[in-house]
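**Student:** Just to be clear, the model below is a prediction. Sequence and coordinates:
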Amino acid sequence: MNHPAEEPLTAVSRASAEATDRHWSMLIQAASLQAAAQSWLAVMCEQVDETNAGLLVLQQAAGGYQPVAHWPEDQLLPEPLRSLAGVALESAKGTVRKADNATLIAYPVKSGEQVFAVACLSVTTDNMARIRKTMRQLQWGSSWLRDLWQRDSRQLEDGRQRLTHLALDIIGDTLEASSAKVAEHDLVHRLVAEFALERASLGFLDHQQLRVTTISHSASFGEEMNLIRQIGEAMDEAIEQGTSIVYPSTDSETPVMVRAHESLHHANRDGMILTIPLLKCGEPVGALLCEAGRGQELNRQQVDLIAAVAAYMGGLLFEKRCNDAHILSKVRQSARVQWTRMTGRGYTGRKLCVALLVVLGVLFTFLSGTYQVKANAVLKGQIQRAIVAPFDGFILNSDVRAGDVVQAGDLMAAFDDRDLALERLNWVSQKQEYLFEYNRALGSRKRAEAKVYEARVTQAEIQLELLDQQLARTRLTAPFDGVVVSGDLSQSIGGSRKRGEVLFEVAPLDAYRLTLLVDESQITDVRVGQQGKFLAASLPDAPFSFEVSKITPVARAEEGKTVFEVEAMVLHSTAQLLPGMQGLGKINAGERNLLWIWTRSFGHWLRLHLWSLFD
């Protein structure tokens, strides 16, 4: 007996079973969590009784959480479940909420401590036992999601490691390449082999014009000018828009301008094209263009791999090209980069520094200052009296030495006068004897004999006068008030000295002259009458004024330099000044341009060397 009422029910059950089998099959065969999301949610909704809606929210690779599946698929996204998913994400706990004629259930799925998904169901029951059972079913079913998430994470990590190894391998090959041309050929051929490309090309900007430099499997470009033009236009298109271009695009975010890529796409037998600008310090320097074969496409991971390699290689290839370039090209490139930085955006600090230097340069070009000739200087007395040995003799005593201040008439040293005193006594006795004989001859009226003795008496008187002068000169006294500049006989008492030997030098305390040792390169700037300042090393807080009085036209070597002696008179002396003080003197040589003052030495050196090289 037939039961017509059961036939529709059997058909519905059969369709539901087929849908469930299809969802299970898709879930088992899914390659990723994103691909399995809809199937998993459909299976869960079919397994849980009284379910009228479902929603699955997943964490995205770019960050954030987005709904990736909802059930039934032919209905709109259930907003109450979406709101509940946000609550479950914040609390990281299972959440139950009452709604009109339904109960909303949300279960956050974790991997470790990280919530990566939220499964939400709407069931038409308010029985707590049924709700707890539904929560347990979600917990059981979440193991599928967790396994797929962990598998995706492992694949992502494997892809990152592969990216790192590939990039490092290519970077190593590039660094080892003998030239930029070799490195570029190695890169494009490596990309073609690694990603099964039809062709890979490199182009670099030269004077703001892009020039295709390398094409894989092409030794020369002579017969491919049209292709090179199309590749260059596609590279320009990506560089001008400042973004990578995939054509045909796999998403809705297609760049505004893809006309050049479309033209190259048709010329390349409809193969997929990927163009990536090469950057150096954020500025475009070229582009990498990869072309897949007809019917082939690059997946997202491959695109990311090539983009990462391009990001690594852009700066390296540019630097290698710069190193291979001629020195003049390097100078032009460096100047162009600096000019771009100065006239473009950013580099505010550098622009301010350059502006400040320009302003200072202009100011110093027109401002003037006092040009000073610097020279080492020695202070000496205006006159310097030498105290010499009056005759050959021996030192009896000495009370002064170099540095002592003496007054006029002070005893400085004395010679031994005992021999002179004995000789004087001898001549005194002889004089008496001659006088006696003279008087006796006069009494005897012997005039001739008296004349002889008269002459002898005169001779004795002359000898006595000479001896008295010599005895007076045995005492060496200061000729004027001053300071002993040199001489020390305290360690030579009893020693002999020859006539004319200098024993002391005395300089006055109220009159000084300054000797400046001026470098030969500045002697022509010094004139008699110029004034300046002298600063003694022992008196660093008290500069003294002087006036140039004499320029000695004789050079001499001093500390490896040729110098001329310039004499100057100290205008205002004080008791602090002493002969022999050394320090630094500055001669005011007039007003000159500040820039000339600061660059004078370099300018003289440069002119001298240029003259020696070219004249």
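**Tutor:** Here it is on my side, so go on.
**Student:** Report the contact partners of Ala575.
**Tutor:** Applying C-beta atoms under 8 Å, 6 or more residues apart in numbering, we find Ala575 in contact with Leu509. To be clear about C-beta, it is placed using only N, CA and C from the backbone, and glycine gets the same treatment.
**Student:** where exactly do the strands run in the stretch 251-400 of the chain?
**Tutor:** 271-280, 283-294, 368-381, 385-388, 393-398 (DSSP state E, counting those that start in this stretch).
**Student:** how about those strands in a markdown table, adding mean neighbour count and mean pLDDT?
**Tutor:** Conversion of the strands of the stretch 251-400 of the chain to a markdown table gives the following (neighbours: other C-beta atoms under 10 Å; pLDDT from 0 to 100):
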| stretch | mean neighbour count | mean pLDDT |
| --- | --- | --- |
| strand 271-280 | 23 | 90 |
| strand 283-294 | 22 | 90 |
| strand 368-381 | 18 | 88 |
| strand 385-388 | 16 | 81 |
| strand 393-398 | 17 | 81 |
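**Student:** Switch the ones you listed over to a markdown table; also include distance to Arg341.
**Tutor:** What follows is the strands of the stretch 251-400 of the chain, written out as a markdown table (distance: least, C-beta to C-beta, whole Å):
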| stretch | distance to Arg341 |
| --- | --- |
| strand 271-280 | 12 |
| strand 283-294 | 9 |
| strand 368-381 | 34 |
| strand 385-388 | 72 |
| strand 393-398 | 78 |
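**Student:** Among these, single out whichever gets nearest to Thr574.
**Tutor:** Proximity to Thr574 (C-beta to C-beta) singles out strand 368-381 among the strands of the stretch 251-400 of the chain, at 11.9 Å.
**Student:** Tell me the first helix or strand C-terminal of the lowest-mean-pLDDT helix or strand in the chain.
**Tutor:** Least confident helix or strand, the chain: helix 6-29 with a mean of 57, by mean pLDDT, DSSP states H and E. For helix 6-29, the following helix or strand on the C-terminal side (DSSP states H and E) is helix 33-47.
**Student:** how far is that next one from where the chain is centred?
**Tutor:** In terms of C-alpha atoms, centre = their mean, to the nearest Å, the gap separating the centre of helix 33-47 from the centre of its chain is 60 Å.
**Student:** Okay, now the sheet partners of the next helix or strand after that helix, with direction.
**Tutor:** Per DSSP H and E, the first helix or strand lying C-terminal to helix 33-47 is strand 51-59. Take DSSP bridges as the rule and strand 51-59 pairs in its sheet with strand 65-71 (antiparallel), strand 114-123 (antiparallel).
**Student:** Quick one: mean pLDDT for the first one?
**Tutor:** Model confidence over strand 65-71, given as mean pLDDT, is 85.
**Student:** The strand or helix carrying Leu613 versus strand 368-381: what angle between them?
**Tutor:** Assigned by DSSP H and E, Leu613 belongs to helix 594-614. Angle of helix 594-614 versus strand 368-381, following axes from the mean of the first three to the mean of the last three C-alpha atoms, to 10 degrees, is 80 degrees.
**Student:** circling back to that earlier point, of the strands paired with strand 51-59, which is nearest Glu291?
**Tutor:** Comparing the strands paired with strand 51-59 by C-beta to C-beta, strand 65-71 comes nearest, at 32.7 Å.
**Student:** can you list contacts of the next helix or strand after the closest one?
**Tutor:** Next along the chain after strand 65-71, taking DSSP H and E as the criterion, comes helix 79-91. Residues from elsewhere that reach helix 79-91 (C-beta under 8 Å, 6+ apart): 53-55, 57, 65, 67, 70, 94-95, 97, 99, 104, 106-108, 115, 118, 120-122.
**Student:** residues in contact with Leu55?
**Tutor:** Contacts of Leu55 (C-beta under 8 Å, 6+ apart): 41, 67, 69-71, 77-78, 81-82, 85, 119-120.
**Student:** which of the residues you listed are buried?
**Tutor:** 41, 67, 69-71, 78, 81, 85, 119-120 (16 or more other C-beta atoms under 10 Å).
**Student:** May I ask which two of those residues are separated the most?
**Tutor:** Trp71 and Ala85 (14.0 Å).
**Student:** which stretches of the chain have low pLDDT?
**Tutor:** The chain contains residues with pLDDT under 70 at 1-23, 25-32, 62, 219-223, 250-256, 269, 615.
**Student:** and the residue most central in space within it, what does it touch?
**Tutor:** Nearest to the geometric centre of the chain sits Arg350, at 13.2 Å (C-alpha atoms, centre = their mean). If you count contacts by C-beta under 8 Å, 6+ apart, Arg350 has them with 341-342.
**Student:** What's opposite Thr103 in the beta bridge?
**Tutor:** Bridge pairing for Thr103 - DSSP bridges - gives Lys98, Val123.
**Student:** if I read this right, it contacts Met128, doesn't it?
**Tutor:** No - Thr103 is beyond contact range of Met128, at 9.5 Å (criterion: C-beta atoms under 8 Å).
**Student:** In this protein, where's the longest helix?
**Tutor:** For the chain, the longest helix by residue count, based on DSSP state H, is helix 128-176.
**Student:** going on from it, what's the next piece of helix or strand?
**Tutor:** helix 180-195.
**Student:** That next one - contacts with which helices or strands?
**Tutor:** helix 128-176, strand 199-206, strand 209-215, strand 283-294, helix 300-324 (3 or more C-beta pairs under 8 Å, 6 or more residues apart in numbering; DSSP states H and E).
**Student:** Export these as CSV, with columns for distance to Ser398.
**Tutor:** What follows is these, written out as CSV (distance: least, C-beta to C-beta, whole Å):
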stretch, distance to Ser398
helix 128-176, 83
strand 199-206, 89
strand 209-215, 93
strand 283-294, 85
helix 300-324, 79
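**Student:** Compare the ones you listed and give me the one nearest Gln530.
**Tutor:** helix 300-324 (54.1 Å).
**Student:** that older thread, how distant is the longest helix of the chain from the center of its chain?
**Tutor:** Offset of helix 128-176 from its chain centre (C-alpha atoms, centre = their mean): 44 Å.
**Student:** Ok, stretch 517-534 next?
**Tutor:** Put simply, stretch 517-534 sits 39 Å off its chain's centre (C-alpha atoms, centre = their mean).
**Student:** Now it: buried residues?
**Tutor:** Buried residues in stretch 517-534, defined by neighbour count with 16+ other C-beta under 10 Å: 517-519, 522-523, 525-526, 530, 532, 534.
**Student:** what's the span of that stretch from first residue to last?
**Tutor:** This stretch, stretch 517-534, spans 13 Å end to end (C-alpha to C-alpha, to the nearest Å).
**Student:** same question, stretch 101-120
**Tutor:** 16 Å.
**Student:** For the closest residue to Phe544 other than its chain neighbours, which three-state class applies?
**Tutor:** Distances taken as C-beta to C-beta, 6 or more residues apart in numbering put Phe534 closest to Phe544, at 4.9 Å, once the chain neighbours are dropped. Following DSSP: H, G, I helix; E, B strand; the rest coil, we place Phe534 in the strand state.
**Student:** Could I get the contacting residues of the nearest residue to Leu279 once chain neighbours are set aside?
**Tutor:** Leaving aside its chain neighbours, Leu279 sits nearest to Gly314 (5.1 Å; criterion: C-beta to C-beta, 6+ apart). By C-beta under 8 Å, 6+ apart, the residues touching Gly314 are 277-280, 285-286.
**Student:** Taking the residues you listed, tell me the two that lie furthest apart.
**Tutor:** Pro277 and Lys280, at 10.5 Å, using C-beta to C-beta across these.
**Student:** Asn376 touches Leu516, doesn't it?
**Tutor:** Yes - Asn376 lies in contact with Leu516 (C-beta under 8 Å); the separation is 7.3 Å.
**Student:** Common neighbours of the two, please.
**Tutor:** Joint contacts of Asn376 and Leu516 (C-beta under 8 Å, 6+ apart) are Gly585.
**Student:** In the stretch 351-500 of the chain, what residue spans correspond to helices?
**Tutor:** 418-443, 447-473 (DSSP state H, counting those that start in this stretch).
**Student:** I'd like the ones you listed written out as TSV, with distance to Thr214 added.
**Tutor:** Shown next, in TSV, are the helices of the stretch 351-500 of the chain (distance: least, C-beta to C-beta, whole Å):
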stretch	distance to Thr214
helix 418-443	110
helix 447-473	104
